[in-house]
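> Need a 3D model of the following:
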Amino acid sequence: MSSESETPYDVVMYPGRAYPEAHPDRLSTMAALYGMQPALAARCRVFELGCGFGGHLIPMAYQYPESQFVGIDLSSRSIAHGKGIVAELGLKNLELRHANVMDLSSADGEFDYILAHGVYAWVPDPVRDKMMSVFKDNLAPQGVVYVSYNCHPGSHLRNMVRDMMNFHVRNTKEPELRVKQARAILNFFADAVATDTVHGSAVRGERNRVRAMADEVLFHDDLDLGSRAFLLHEVVGAAQKKGLQYLCDSTLHRREIIYYPDKVKMIFENFTDEEFMERDQYHDFVDGHGFRRTLLCHEDVKLDRKVDAATMVRFHFASQLAPVSKTFELTMPGAADFKPATGNTLTTDHLLSKAAILYLADQWPGAVAFPQILQEASKIVSAAGAPPSEYDAIALAGTLHRAVTCGHMDLHLTPPPLATTISERPKASAVARWQAAHDSPLTNLRLRTIALDDEVGRLFLMLVDGTRTIDQLTVDLADRVQKSEKAPKDRPITRADVEHQLRQLLRLGMIES
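Here you go, the predicted model:
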C-alpha cells in the first residue's frame, strides 16, 4: 500500500456519517461502567483511522470545541473533501491528514480514544497487525479503542451472497456497472431459489439487506474481494498479543439475556468475570451476530465487571419511554407498560419508577443525573399522596438498571450538550444546518442520523442560526418558502407553524444548549 497511489475510495467516495456507538460520550460511559477512569468527552483527544472525509469526526469536533480530533485516510480525495467542510465550518480542533496507517508511530501522539470503524476487516493482514500496534502505542493509559468489523457467524450468510455477486461481476471493472449487475444477479437468485428451504430464506433475507444499502456502500463493503469476517475471539487474541485486553462491546444491551429461555440464561449467568469475552463469543453464536463494535484497553487496566443497580447512581439517563395505554394515570394500581419509539416494552408496577419514566420523557432529549431523577420523581409521587421511602430509591435504581441493560434508556457519564427548552433566539447545530444546505443526511447533537424529507423543514433548519426570534423566523421562513421551487405554497406560514417546527427540532436533538 502506498499513500501516494489512488485507492478505490478515490474513485468512489464512501458516504461517511456519524456513529453514536463510537462517540467519546459512549466510550467513556462504557469504560466508567467497568471501573475505568476515562477522559470526558468535553475534553479529550480522539484519533480515527480510516476517517474518510470526516463524517464521524466533524460533528463531534463542532460539539466539543475543547477536545482535539485527528483523522487519517489513504484516500486523498476524501481528505480534500473533508478539509473543505472543516474550513467552511471554521473548526480549529480537527485535523484531517492524507496518511498511511503503516507510517504511523508513537511519535504521532497519545490519544484518549482511537477509532477504526469499518476498516479492520477491509485491509490486508500486515495492515491489521499495524493497526493493533497503533492501538497499543498511541493509546493513553486509561484510553479506549473502538474497532468495528464484520463477524461470524452472521457474516457466513453475507459471504454466501458476496460470492454470488462477485463471481457475476468478476470481469466488470466500472464501479457503477459492477453495482448494477451485482444487484441484478442477486435479485435473480432470490427469485430463483426454492421458497421452502433454508437456503432460499437466507438468500432472500440477504437480498433485503443489500436493497437497503447505498450503491457506494455496496461497492466498498460487499464487492470488495479483500474483505473478511472474524470471530470475536480472533480479534481479541490479536489485541492480546500487542498488550491490549477486551473491555466490552460498545452497546451495553447487546449482552442482555432477559428474553432468553431459562436454560440459556442459566448457562450465560454461570460465566465468570474472567470468562467475560468467552461469554460474548457464545452470545454471538446464539444470536448469529454479523457485526461487532469491540472496545479494547491496555492489559494492565484493572476492570470491575460488576454492573448492577448500585452502579447506576453515578450516571445520567435519557429516555423516550411513554405509556402504552392511552388511559394511563400515574396513580392507577398495578403494572404499567412503557414503550420507546422502537423496541421491547418495559413493565413496572413501582410508582416512583413510573413517575421517573414520565419525568425523563419530559426532559428528552436531555440526560438527567440519578439524584435529580430521584428528587423530581419523589415530588411527583408526593404530590399524588404517596411520598417515597428509602427502599423506593433502591427500587428506582433497579428499574433504571433494567431499562438501560435492555436498551430502553440511554446511559451517559456526562449529559450531552444540547437544549431541552426553546430560547428566545434558538440555534440549531451548525453542522446540521450545513448538511441541510447541501442536501446531506443530517446529524443531530446525539450523533444520530436524522431523516428530514420535508422541504419546509429543511429550509427552516437553515434559518435557526441563533440570530432570529420566533417572529423573525416566521417572516423569513415564509419568504424562503415563496422563493423555493420545491416547497408547497398551499397555505401561509404562521407563528404556530414555526413553534411546531422548533419543538420538532428540539425533540430531534438539533438545538444547542
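
> Give me the buried positions along the helix or strand encompassing residue 146.
According to DSSP states H and E, residue 146 maps onto strand 139-150. For strand 139-150, the neighbour count (16 or more other CB atoms under 10 Å) marks 139-140, 142-150 as buried. Where C-beta positions appear, they are placed from N, C-alpha and C, glycine not excepted.

> Looking at those residues, which one is closest to residue 190?
residue 150 (20.8 Å; CB to CB).

> Just give the nearest non-adjacent residue to the closest one, would you?
Distances taken as CB to CB, 6 or more residues apart in numbering put residue 229 closest to residue 150, at 4.0 Å, once the chain neighbours are dropped.

> What residue spans form the domains of this protein?
Using automatic domain parsing, the domains assigned to the chain come out as 8-152+229-298, 155-221, 309-412, 430-507.

> Dump the ones you listed to a markdown table, plus mean pLDDT.
Converted to a markdown table, the domains of the chain look like this (pLDDT from 0 to 100):
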| stretch | mean pLDDT |
| --- | --- |
| domain 8-152+229-298 | 96 |
| domain 155-221 | 95 |
| domain 309-412 | 94 |
| domain 430-507 | 93 |
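
> for those, which one ends up most surrounded?
Comparing these by mean neighbour count (mean count of other CB atoms under 10 Å), domain 8-152+229-298 comes out on top with a mean of 19.

> hang on, residue 155 packs against residue 284?
No - applying CB atoms under 8 Å, one finds residue 155 not in contact with residue 284, separated by 10.5 Å.

> Make TSV out of the domains of the chain and add distance to residue 424.
Output for the domains of the chain, formatted as TSV (distance: least, CB to CB, whole Å):
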stretch	distance to residue 424
domain 8-152+229-298	22
domain 155-221	40
domain 309-412	19
domain 430-507	6
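
> For residue 419, which of those is the nearest?
Of these, nearest to residue 419 by CB to CB is domain 430-507, at 6.3 Å.

> From the opening residue of the closest one to its closing one, how far?
End-to-end distance of domain 430-507 (CA to CA, to the nearest Å): 17 Å.

> try stretch 169-182
7 Å.

> ok, back up a step: in the sheet, which strands lie alongside the strand holding residue 146, parallel or antiparallel?
strand 111-116 (parallel), strand 291-298 (antiparallel) (DSSP bridges).

> Using the three-state scheme, assign the closest residue to residue 492 other than its chain neighbours.
Nearest non-adjacent residue to residue 492, counting by CB to CB, 6+ apart: residue 478, 6.6 Å away. Assigned with DSSP: H, G, I helix; E, B strand; the rest coil, residue 478 falls in the helix class.

> Residue 478 against residue 491, yeah?
No - counting by CB under 8 Å, residue 478 stays clear of residue 491, with 10.6 Å between them.

> what residues are shared contacts of these two?
Common neighbours of residue 478 and residue 491 are not found (criterion: CB atoms under 8 Å, 6 or more residues apart in numbering).

> chain center to the helix or strand harbouring residue 95: distance?
In this assignment (DSSP H and E), residue 95 forms part of strand 94-98. Strand 94-98 sits 22 Å away from the centroid of its parent chain (CA atoms, centre = their mean, to the nearest Å).

> same thing with stretch 225-244?
Using CA atoms, centre = their mean, the offset of stretch 225-244 from its chain centre is 22 Å.

> elements contacting the helix or strand harbouring residue 267?
Of the helices and strands defined by DSSP H and E, residue 267 is found in helix 262-269. For helix 262-269, the packing partners by 3 or more CB pairs under 8 Å, 6 or more residues apart in numbering; DSSP states H and E come out as helix 276-287.

> Show residues contacting the helix it packs on.
Here helix 276-287 has contacts from 151-154, 231-233, 236, 246, 248-249, 254-255, 257, 260, 264, 268, 271, 289, 292, 305, using CB under 8 Å, 6+ apart.

> In strands, which of those appear?
Among those, DSSP state E puts 246, 248-249, 292 in strands.

> in the stretch 201-350 of the chain, which spans are helices?
Here the stretch 201-350 of the chain has its helices, by DSSP state H, counting those that start in this stretch, at 215-221, 232-241, 262-269, 276-287.

> mind putting those helices in TSV, distance to residue 407 included?
Formatted as TSV, the entries for those read as follows, by distance: least, CB to CB, whole Å:
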stretch	distance to residue 407
helix 215-221	25
helix 232-241	20
helix 262-269	17
helix 276-287	14
